[in-house]
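Chemist: Could you work out the structure for the sequence below:
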Amino acid sequence: LQLVESGGGLVQPGGSLRLSCVASGFTLDYYSMGWFRQAPGKEREEISCISNRGGNTNYADSVKGRFTISRDDAKRTVYLQMNSLKPEDTAVYYCATDTYPCSTWSTRDPDYWGQGTQVTVSS
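Modeler: Numbers count the residues shown, from 1 in each chain. Coordinates of the predicted model:
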């Protein structure tokens, strides 16, 4: 099972980025998928999760209304559209997946992780 993120980069405050995570080696239908981030000197933070088949989504308060998670199982890809970016959004962003539902991710880390992609918000 492999997850590969892309789409990170340098963007000015107020700008947008779309992260992608391509999955291989497993059938997405049965997996919840989500995004975490970790800034230097800070704990890892769960940003968003989308249930298998995309019926339910959740977001951290810090990104609610600015970020949107989506998935395209035919393309084996999960996306994170990030709008109105702020300097405090600067972090390494990680894609993750597990068969457990999103509701469990606050107490149990997903089993599978990508390598991360850097997002830097700066003028």
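Chemist: contacting residues for the most centrally placed residue in the chain?
Modeler: Closest to where the C-alpha atoms of the chain average out (CA atoms, centre = their mean) is Trp35, at 2.1 Å. Trp35 makes contact with 19, 21, 46-49, 69, 78, 80, 93-96, according to CB atoms under 8 Å, 6 or more residues apart in numbering. Every residue, glycine included, has its C-beta placed from N, CA and C.
Chemist: Mind listing the residues bridging to it?
Modeler: Beta bridges link Trp35 to Ser48, Cys95, judged by DSSP bridges.
Chemist: all numbers from here: first residue = 54
Modeler: I'll keep to 54 as the first residue from here, and by that count the last item is Trp88.
Chemist: What separation is there between it and Thr121?
Modeler: 11 Å (CB to CB, to the nearest Å).
Chemist: Need the residues touching each of these two.
Modeler: By CB under 8 Å, 6+ apart, Trp88 and Thr121 have these common neighbours: Leu133.
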